[in-house]
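Asker: let me see the structure of the following:
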Amino acid sequence: MFEDYLQDSHHFLLAAQKFSRQQNDRQARRYYRASVFYAAGAIESFINYIGDSFAKADSIPKDEIRFLNDKTLTFSAAKGFVEKNEYHKLDDKIRCVMRRFAPGFNYNSPTWSRFMEFKSLRDSLVHPRLLDDEIDLSRYAKEVARGLRSIIDIMNSISAGVWKKPLRKQLLDLIP
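Answerer: Numbers count the residues shown, from 1 in each chain. This is a model prediction of the structure:
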């Protein structure tokens, strides 16, 4: 799914840019938001795929598998140890995977900073505090393009670490 989501995000980004050039602000915002949601879905889907793959292969420590798959181990006197659902933040899951497979990744880099800015934009859209979308189109244009690039760069770093090869060229070509 993550590949489709990256392609969808890129498609909606291009559409938003077109509507912005045509000064159709309402349509531009609509497509920028769609691009944000698909880009965020792409990286979350990618990390979930990795967590599920590790669980099936049982190839990394169980604690890491639980963490990536939003599980935790609890103890009760009646049942003993039991796995329970426990939501973990996406950026923490990414750090978990990067720690093992891309230990040299620089969290002070522009890539990570831009990803966190993008995540804040996404969070502001998912949990809005305003009645209307008042985000300036120039801000959308900059942050969505930078965010999509950072997501693809992070996914590429993870891919190189986990599978010893980069993302497919077709996906790397989506970098704005």
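
Asker: in this structure, which spans are strands?
Answerer: Taking DSSP state E as the criterion, the chain carries its strands at 71-76, 80-85.

Asker: and those strands, which is most packed in?
Answerer: strand 71-76 (a mean of 12; mean count of other CB atoms under 10 Å). Yep, even glycine has a C-beta here, placed from its N, CA and C like the rest.

Asker: what is it packed up against?
Answerer: helix 62-68, strand 80-85 (3 or more CB pairs under 8 Å, 6 or more residues apart in numbering; DSSP states H and E).

Asker: mind running it again at 6 Å?
Answerer: strand 80-85 (3 or more CB pairs under 6 Å, 6 or more residues apart in numbering; DSSP states H and E).

Asker: tell me the mean pLDDT for the strand it packs on?
Answerer: Strand 80-85 carries an average pLDDT of 86.

Asker: specify the helix with the largest residue count in the chain.
Answerer: Determined from DSSP state H, the single longest helix within the chain is helix 25-57.

Asker: so which bits of that one are buried?
Answerer: Within helix 25-57, the residues scored as buried using 16 or more other CB atoms under 10 Å are 28-48, 50-51, 54-55.

Asker: again with stretch 102-109
Answerer: Buried residues in stretch 102-109 (16+ other CB under 10 Å): 102, 105.

Asker: look at Ser20 and report its pLDDT.
Answerer: Ser20 carries a pLDDT value of 96.

Asker: grab the nearest non-local neighbour of it.
Answerer: Nearest residue to Ser20, sequence neighbours excluded (CB to CB, 6 or more residues apart in numbering): Ala28, at 4.1 Å.

Asker: over to Phe46?
Answerer: Using CB to CB, 6+ apart, the nearest residue to Phe46 is Phe2, at 4.1 Å.

Asker: and for Asp92?
Answerer: Closest to Asp92 by CB to CB, 6+ apart is Phe67, at 7.9 Å.

Asker: count of neighbours near the one you found?
Answerer: Around Phe67 sit 18 other residues, with neighbours defined as other CB atoms under 10 Å.

Asker: give me the contacts around stretch 51-65.
Answerer: Outside of stretch 51-65, the residues within contact range by CB atoms under 6 Å, 6 or more residues apart in numbering are 68-69.

Asker: quick one: end-to-end distance for it.
Answerer: With CA to CA, to the nearest Å as the measure, stretch 51-65 spans 6 Å from end to end.

Asker: could you shift the numbering so residue one becomes 27, and keep it that way?
Answerer: Sure, I'll start numbering at 27, so the last one becomes stretch 77-91.

Asker: who are the neighbours in contact with the residue nearest to the spatial centre of the chain?
Answerer: Centrality entry for the chain: nearest residue to the mean C-alpha point is Ile69, 2.8 Å, by CA atoms, centre = their mean. Ile69 is in contact with Ile177, counting by CB under 6 Å, 6+ apart.
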